[in-house]
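Engineer: Just a sequence and a predicted model for now, questions to come.
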Amino acid sequence: MLKLAINAQLPLIATRTRDTLNLGEIIKTICKREPTHWNPKEKVEKNKLYVHLHTKKLELDLMAIYRVMVEAESTLLVVNPDKIDEPMFDAGDVPVPKEMMLAFMKAVVGSDAKANELLRGLGGCTVKEAAELSRLTMARDNSLTTAGLMETRKASFQSARGLTQVDAKQSFYDPPKELAEWLKKEKPFFLTSTDQRLIPRGLMLAGGPGLGKTAASKWLAEQLGVPLYRMDIGGTKSKWVGASEEALLSNLQRLDAEAPAVVLMDEVEKVFTGSGGDTSGTTSTMLSQMLWWLSERRERILVIMTTNAVETIPPELYREGRIDRVMTFKGLEWEQGGAFAKQVLATYPKTKYDDKQIEAILNEAYKGAVGVGAGRASQAKITEAVKSYVKTTLTPASKTS
């Protein structure tokens, strides 16, 4: 919108940025025009793009400035005003040109391919923030990787009420076949598609507790090489009128600015229920906000919703166009559980086992299942049974080390 407003020569434009240091170069890159610092004591020249960085309460005669700019066919860009008054046009935030970020990262790593890969960990960052995150990561790791950047970013992320960045690392996760096949097909479209219609929008993961739904969101973020955020919709609720809706809107806008990313909305049935819940007032308004954002968002934000009771959720929350598919997690049958247990055991170095130990692990994990051979167990239960077995194999010295 900023580029369009400048090219249209609107007389008075308001915009916001977190990177005033590189503002001149960013504007030049966006609209191919050299901005000029505005001095209210100097005469306004013809066909100029002026920039005024606002650092205190705006005390300008906006109507007079507007008329002067119209007469000179020039534009004044007011950056970070306290408030936006008539006759200002609100152009929103200053976008960070991808080519500028790419050029910066290429100067750091010397490779287009590597620079493009690193950009996935810097979605929503300004050039200044990208430079700072890169230097911090290199100082800690003596190298620069997407995973390292995301770790640094997580440490410096300023959480908001109801929105936090989550560490996507996990010792082991075995994705269901349906999920793995979906990602294999959709990953290139999420990362590189220039046709917005082809970018995957998200998934609803349904099933009981402990079946790996939350772990799936971590796996997806790690496989895509992008940050993972958890949005606790219930955590945005407030007793003050309008505060809940404002907090939710703020978090949705912030997510848009962090793209590309994965966002986890866990156990959505606890907030949005089809019956028995609060279907009026605050919750109803928040649902409307969420539905609008899910339908209209254009950024590379992969939404992963989870639920333990999909039948209680309004179907409009997960219809086509808002997310791509509903996947039901059912747990592992006995044979699958055995293969999974062996994979988890492989993550514990030097732990020995045989078929007898595997059977004992499964007997523990499948307790309470309907028929040992026919029942299902969650990945969480099998993982805990493996952990319990591993602890019994440790020597007294290793237990205390």
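Structural biologist: Structure received. Note that the coordinates shown come from a computational prediction; the quantities given were computed from them, not determined experimentally.

Engineer: Which elements pack onto the helix or strand containing residue 361?
Structural biologist: Residue 361 is part of helix 355-365, with elements assigned from DSSP states H and E. Packing partners of helix 355-365 (3 or more Cβ pairs under 8 Å, 6 or more residues apart in numbering; DSSP states H and E): helix 334-345, helix 379-393. (Each C-beta comes from the backbone N, C-alpha and C, glycine too.)

Engineer: Present those helices as JSON lines; the columns should include distance to residue 61.
Structural biologist: Shown next, in JSON lines, are those (distance: least, Cβ to Cβ, whole Å):
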{"stretch": "helix 334-345", "distance to residue 61": "70"}
{"stretch": "helix 379-393", "distance to residue 61": "65"}
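
Engineer: Which of those sits closest to residue 272?
Structural biologist: helix 379-393 (24.8 Å; Cβ to Cβ).

Engineer: in the closest one, what counts as buried?
Structural biologist: 379-386, 389-390 (16 or more other Cβ atoms under 10 Å).

Engineer: could you point out the longest strand in the protein?
Structural biologist: strand 301-307 (DSSP state E).

Engineer: What pairs with that strand, parallel or antiparallel?
Structural biologist: strand 202-206 (parallel), strand 261-265 (parallel) (DSSP bridges).

Engineer: quick revisit: and the helices and strands packed on helix 355-365: which comes nearest residue 317?
Structural biologist: Taking those one by one with Cβ to Cβ, helix 379-393 is closest: 25.5 Å.

Engineer: what helices or strands is the closest one leaning on?
Structural biologist: helix 334-345, helix 355-365.

Engineer: quick one: which of those is nearest residue 198?
Structural biologist: helix 334-345 (33.0 Å).

Engineer: Packing partners of the closest one?
Structural biologist: Using 3+ Cβ pairs under 8 Å, 6+ apart, helix 334-345 sits against helix 355-365, helix 379-393.

Engineer: what sits against the nearest residue to residue 73 once chain neighbours are set aside?
Structural biologist: In this structure, residue 73 finds its nearest non-sequential neighbour in residue 47, 5.4 Å apart by Cβ to Cβ, 6 or more residues apart in numbering. Shown in contact with residue 47 (Cβ atoms under 8 Å, 6 or more residues apart in numbering): 72-74.

Engineer: wait, isn't residue 19 in contact with residue 125?
Structural biologist: No - in this structure residue 19 lies outside contact range of residue 125 using Cβ atoms under 8 Å: 9.1 Å.

Engineer: Spit out the residues that contact those two alike.
Structural biologist: With Cβ under 8 Å, 6+ apart, residue 19 and residue 125 have common neighbours residue 96.

Engineer: So for the two, which residue has more residues nearby?
Structural biologist: residue 125 (22 against 17; other Cβ atoms under 10 Å).

Engineer: Tell me how far that one lies from residue 118.
Structural biologist: From residue 125 across to residue 118, the span is 11 Å (Cβ to Cβ, to the nearest Å).
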